[in-house]
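Enquirer: can you look at this prediction? I've put the sequence above it.
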Amino acid sequence: NLYIMKKNLLVTIFLIVSGFSMYAQSILNASEGYVTETILSDYSNLSVFDVNGFNLYASDGSKIYHFDLATNELLDTYVLPDYMTGTYTYPSFLKISPDIETLWYGITSGPNGDEIFSYNIETGTWSEGYSLLCNFDMEFIGEHILVSGLNSTSWSDPNCISLLDVSGNDNHRKIIDVGGYSAGLGIDDEGNVYYATSGVGSEKLYRWDMETVINVINDSSAEILTLDDATILSSIPAGAYDTDVDEAGNVFFDFSDYATGVKNVVMWNGNEGDNENFEILAYSNDPAVSLTLVNSKGNFMNGGKDNGIIAGAWGLPLTLLYKEINLIAPSDLVATTEGISSISLSWTAVETALSYNIYQGEELLTNVSVTSYIVEGLEYDTEYCFAVTAVHDEIESGKSEEACATTAGESITEYEIDFRLYPNPTDGIVYIESEANVESVEIYNMMGQKITSQKLQSSSVDLSSYPSGFYTLLLEVKGNKVPMRIVLR
């Protein structure tokens, strides 16, 4: 049977390459514009895994490990029961339910045959096994579960995609005949099913639309779908192992051409038809590398480590593959005087930036996630210059052009005008004596924040409604603003 042939080949490869498990660098070479990094290098035998957000669950056949992809920290470990392990027992897939409450785990050649189990993460309990011969991969389409594999006791039957019967009757109904070797499937957020073939003779990436698949799922008398019922998206030069779709609908698959030694992780380019409609993201010519699973997180096209692909290879550490981010410096930086001790900054957003660093000269003042900021605590009547950079993870752009502004306030001595504020300190009422007419007053707290602005109708200002502390009164005289300090008890 084609499934058994493929499995025996992969097990042989696993045994051969297990001696190469201490790879110091990524097993995949990134194409231009992309980056590959080895992750979880201490775990080189993770044969099955799945990703949901920053949660990565993986198994080496004896345990399931839960990692935080943001930190690569091991969060938890689950030891598999004896009836799910053994010398000739192989994990076929590990899948996280969309609500991240259940783990689904497939095995072949187990003590009780080929089975699929579910694990309740909260209660720590395993379900009884569902018997499905030569199960290979699993995906969710709405409330339904699809599994690729043979699902037959007759080795002459074609490989297929089946609807998992969770009633306990093991009546797993075939939905799509795909033929060839078993391979992984992917389903997008709309419910469309993607499958890259292996061993059918002329390999292709196919898509069945959601409505067609759901109609067969809901009608037990409907004819089983075939490759002829799907849209051809791309031809493939060699048999694929797995297919996955990210949250934005980008479709990925991998293939290993053992005749030429070329192994590729690729992305469908969106064109349909019987041509090689894909872009090579990463590749390897190493004979020790045999690609397996591909799982995505985020939107790959947004770039950066939070939006990448996790790629597996037999007996080797996992690889994180993501789009390189070339950050440009923010433009149109504007500095505006806000008062005697504050200046506001604003700039144009950079598409791929997650945050922005604000600099005064060489000093980093702060990091913000928005495109504006008010710098406070500055000296009055002083010029300040600032620059901004765009940031994405550890990547930082060059600095923007500087923007400068001068805080409000003029020296009293420049106008040779005598001012007197009393009493100082005060319990609330402040009287102003001046040779010139004071037209208005702005009141700022000790943080440089403007509290109020008012026309001066009399020679006094009432601060009694404000909390005790230091205040600055910015007096407007002859078109100039003069700061005066006051203490409120």
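Expert: Everything's here; your move.
Enquirer: alpha carbons only for contacts and neighbour counts from here, please
Expert: Will do.
Enquirer: can you show me the helices along the stretch 101-250 of the chain?
Expert: 210-218 (DSSP state H, counting those that start in this stretch).
Enquirer: elements contacting the helix or strand hosting F470?
Expert: Using DSSP states H and E, the element containing F470 is strand 469-477. Identification of packing neighbours for strand 469-477 by 3 or more Cα pairs under 8 Å, 6 or more residues apart in numbering; DSSP states H and E yields strand 440-444, strand 480-488.
Enquirer: including mean pLDDT, distance to Y130 and mean neighbour count, could those go into CSV?
Expert: Converted to CSV, these look like this (pLDDT from 0 to 100; distance: least, Cα to Cα, whole Å; neighbours: other Cα atoms under 10 Å):
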stretch, mean pLDDT, distance to Y130, mean neighbour count
strand 440-444, 89, 71, 20
strand 480-488, 82, 76, 19
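Enquirer: TSV for those, including distance to E351?
Expert: Formatted as TSV, the helices and strands packed on strand 469-477 follow (distance: least, Cα to Cα, whole Å):
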stretch	distance to E351
strand 440-444	36
strand 480-488	40
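Enquirer: closest to F117 out of these?
Expert: Closest to F117 of the helices and strands packed on strand 469-477 is strand 440-444 (Cα to Cα; 66.1 Å).
Enquirer: paired strands for that closest one, with orientation please.
Expert: strand 450-455 (antiparallel), strand 469-477 (antiparallel) (DSSP bridges).
Enquirer: pick out the shakiest of those strands, pLDDT-wise.
Expert: Note on the strands paired with strand 440-444: strand 469-477 shows the lowest mean pLDDT, a mean of 85.
Enquirer: please point out which parts of it sit buried.
Expert: Judged by neighbour count (16 or more other Cα atoms under 10 Å), strand 469-477 contains these buried residues: 471-477.
Enquirer: the bottom helix or strand of this structure by mean pLDDT?
Expert: Sorted by mean pLDDT, DSSP states H and E, the helices and strands of the chain end with helix 2-17, the least confident at a mean of 42.
Enquirer: does anything pack onto whichever helix or strand comes after that helix? Which helices or strands?
Expert: Moving toward the C-terminus from helix 2-17, the next helix or strand (DSSP H and E) is strand 29-30. Packing partners of strand 29-30 (3+ Cα pairs under 8 Å, 6+ apart): strand 278-284.
Enquirer: all strands for the stretch 101-250 of the chain, in order.
Expert: 102-110, 113-120, 125-126, 130-131, 135-141, 144-149, 160-163, 173-177, 185-187, 193-196, 204-208, 231-235, 240-245 (DSSP state E, counting those that start in this stretch).
Enquirer: quick one, what contacts I395?
Expert: 325, 327 (Cα atoms under 8 Å, 6 or more residues apart in numbering).
Enquirer: pLDDT score assigned to it?
Expert: 86.
Enquirer: any idea what it is bridged to?
Expert: H392.
Enquirer: what's around E363, how many residues?
Expert: 9 (other Cα atoms under 10 Å).
Enquirer: for C385, see how far away it is.
Expert: E363 is 11 Å from C385, where distance means Cα to Cα, to the nearest Å.
Enquirer: quick check: which ranges of the protein have low pLDDT?
Expert: 1-25, 110-111, 409-418 (pLDDT under 70).
Enquirer: same thing but at 80, please
Expert: Low-confidence segments of the chain, defined by pLDDT under 80: 1-26, 87, 110-112, 339-340, 393, 408-419, 435-436, 446-449, 478-483.
Enquirer: the residue most central in space within it in helix, strand or coil?
Expert: Central residue of the chain (Cα atoms, centre = their mean): D306, 3.1 Å from the mean position. At D306, secondary structure determined by DSSP: H, G, I helix; E, B strand; the rest coil is coil.
Enquirer: does it touch L320 like I think?
Expert: No: between D306 and L320 no contact is recorded; they are 10.0 Å apart, counting by Cα atoms under 8 Å.
Enquirer: can I get the strands paired with strand 440-444 in CSV including distance to G339?
Expert: What follows is those, written out as CSV (distance: least, Cα to Cα, whole Å):
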stretch, distance to G339
strand 450-455, 7
strand 469-477, 9
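Enquirer: rewinding a little: list the contacts of the strand holding F470.
Expert: Here strand 469-477 has contacts from 340, 409, 436-446, 481-489, using Cα under 8 Å, 6+ apart.
Enquirer: list the contacts for G249?
Expert: 188-189.
Enquirer: tell me where the stretch 351-489 of the chain has strands.
Expert: Going by DSSP E, counting those that start in this stretch, the stretch 351-489 of the chain shows strands at 355-360, 363-368, 372-375, 383-392, 395-396, 403-406, 419-422, 429-434, 440-444, 450-455, 460-462, 469-477, 480-488.
Enquirer: list the helices and strands the fourth one packs on?
Expert: Helices and strands in packing contact with strand 383-392 are listed as strand 331-337, strand 355-360, strand 403-406; criterion 3+ Cα pairs under 8 Å, 6+ apart.
Enquirer: let's see that with 10 Å instead.
Expert: Secondary-structure packing of strand 383-392 (3 or more Cα pairs under 10 Å, 6 or more residues apart in numbering; DSSP states H and E): strand 331-337, strand 343-348, strand 355-360, strand 363-368, strand 403-406.
Enquirer: to A238, which of those strands lies closest?
Expert: Nearest of the helices and strands packed on strand 383-392 (Cα to Cα): strand 355-360, 42.0 Å.
Enquirer: other residues contacting that closest one?
Expert: 329-330, 345, 349-350, 364-373, 375, 384-393, 396-397, 399-400, 402-404 (Cα atoms under 10 Å, 6 or more residues apart in numbering).
Enquirer: buried subset of those?
Expert: So, by 16+ other Cα under 10 Å, the buried ones in those are 329-330, 345, 349-350, 367, 371-373, 375, 384, 386-392, 396-397, 399-400, 402-404.
Enquirer: residues touching stretch 29-38, excluding its own?
Expert: Looking at stretch 29-38 with Cα under 10 Å, 6+ apart, the contacting residues turn out to be 23-28, 264-265, 279-285, 303-305, 308-311, 316-326.
Enquirer: and that stretch, which residues are buried?
Expert: Neighbour-count burial for stretch 29-38 flags 29-30, 34-38 (criterion: 16+ other Cα under 10 Å).
Enquirer: biggest separation within the residues you listed, which pair?
Expert: Between any two of those (Cα to Cα), the greatest distance is 13.8 Å, for Y34 and T38.
Enquirer: give me the common contacts of D306 and L320.
Expert: What both D306 and L320 touch, as defined by Cα under 10 Å, 6+ apart, is the set 69, 296.
Enquirer: distance of the nearest residue to I64 once chain neighbours are set aside relative to N72?
Expert: Nearest residue to I64, sequence neighbours excluded (Cα to Cα, 6 or more residues apart in numbering): Y78, at 5.0 Å. Distance from Y78 to N72, counting by Cα to Cα: 17 Å.
Enquirer: which residues does S118 form a beta bridge with?
Expert: W104.
Enquirer: pretty sure it contacts T125?
Expert: Yes: with contact defined as Cα atoms under 10 Å, S118 counts as touching T125 (8.4 Å).
Enquirer: who has more neighbours, the two?
Expert: A count of neighbours by other Cα under 10 Å puts S118 above the other of S118 and T125, at 20 against 11.
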